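> pasting the sequence and the predicted coordinates here, then a few questions.
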2 protein chains.
Amino acid sequence: MSKQVLPILDAGMDVSGAACCAPLVCEPLSESEAAELAPLFKAIADPVRLRLLSLIACHEGGETCVCDLTAAFDLTPPTISHHLKVLKQAGLIDSERRGTWVYYWINPAVLARMSALIGPASPALAGTA
Amino acid sequence: MSKQVLPILDAGMDVSGAACCAPLVCEPLSESEAAELAPLFKAIADPVRLRLLSLIACHEGGETCVCDLTAAFDLTPPTISHHLKVLKQAGLIDSERRGTWVYYWINPAVLARMSALIGPASPALAGTA
DNA sequence: CGCCTGCTTCGATGAACTTCTAATCAACAG
DNA sequence: CTGTTGATTAGAAGTTCATCGAAGCAGGCG
């Protein structure tokens, strides 16, 4: 692949050290932060990509062959490949060719960062409707 | 408003009882679940809406006047109004007119559900890059 | 009542996105 | 080497989306 994967998630922003409160409800997002984070959510803001991510995450061994993913949808292989590319460019998944087949696995750190961003400021708020 | 707000989040799926693991990494999302969840992420998959949500969530008192939101962007009032409508139809925020101004506040339950969905299966995974 | 301000709706336009078919690349079997 | 299968890329068609200007609605003030 000639185009390089964008380093949307780097060491600059920690994931595990989210501590108590979500960034989103602590202080307003800056324009650049929002511009950096929006593509991550856009990557999973599609039914097909959401299911792809779920299928890859749930698969035993933590990785899934593209052929298994393609079989789960009523879509053509190029379309699945396109969606996988979107997820990969967002940094949500990674892939490797191993012989005939290509395997994909998820990058939990990016998902964890997204989850922490929109997560409740305190556990008490989670149940408040 | 003639169009009714879609009940994307209802009592059918609990939020606080997510227990240990995120739905996404426990078992694959069904087609209908994905179709139901994707619009929620699509609603926040935009830099402007992400900042709007953040501004509303961070504002003291928990609610914000539209005039304050409009002032924070280089966009025309109709555009801000459009984004607020998208967030409202997704169930992420709610609003009320009080005299001259309209106030918006966030619905933490929907955000919490989304966070739980993509959240790490176990705390140990969060730090794994 | 008449006007003004705050916010929303309407209609249009240009960009982005999803999906397809056709073609190409990569690995393996005969 | 040649053919076959798995996966991606290229290009195109149809749809959705973000944004704007103009117009409309709601509430307060003189």
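Good, I have the coordinates. Note that the structure is a prediction, hence the values are computed from the model and not measured. Numbers count the residues shown, from 1 in each chain, chains lettered A, B, ... in the order given.

> residue ranges of the helices in chain A, please?
A:23-26, A:31-44, A:47-58, A:66-71, A:77-89, A:108-118, A:123-126 (DSSP state H).

> these: which one's closest to B:Glu27?
Among these, helix A:47-58 comes nearest to B:Glu27, with 5.8 Å by CB to CB. No exception for glycine: its C-beta is placed from N, CA and C like everyone else's.

> pLDDT score for A:Ala72?
A:Ala72 carries a pLDDT value of 96.

> what do you get for the one 5 residues further on?
Note for A:Pro77: predicted pLDDT of 98.

> residue contacts, the most centrally placed residue in chain A?
Central residue of chain A (CA atoms, centre = their mean): A:Leu92, 3.3 Å from the mean position. Residues counted as contacts of A:Leu92 (CB atoms under 8 Å, 6 or more residues apart in numbering or on different chains) are A:Leu40, A:Ala43, A:Ile44, A:Leu53, A:Ile106, A:Asn107, A:Val110, A:Leu111.

> one more time with 7 Å
If you count contacts by CB atoms under 7 Å, 6 or more residues apart in numbering or on different chains, A:Leu92 has them with A:Ala43, A:Leu53, A:Ile106, A:Asn107, A:Val110, A:Leu111.

> ok, those residues vs B:Trp101, which is closest?
Each of these was scored against B:Trp101 by CB to CB, and A:Ala43 proved nearest at 35.8 Å.

> and the closest one, how many neighbours does it have?
For A:Ala43, the count of nearby residues is 25 (other CB atoms under 10 Å in any protein chain shown).

> over to A:Pro77?
12.

> looking at it, it is touching A:Thr70, isn't it?
Yes - using CB atoms under 7 Å, A:Pro77 makes contact with A:Thr70 at a distance of 5.2 Å.

> so where's chain A shaky on pLDDT?
Counting by pLDDT under 70, chain A shows low-confidence ranges at A:1-25, A:121-129.

> residues from it in reach of DNA strand C?
Proximity of chain A to DNA strand C (CB under 7 Å from any atom of the strand) is limited to residues A:42, A:45-46, A:48-49, A:74-76, A:78-79, A:82-83, A:86, A:97, A:99-100.
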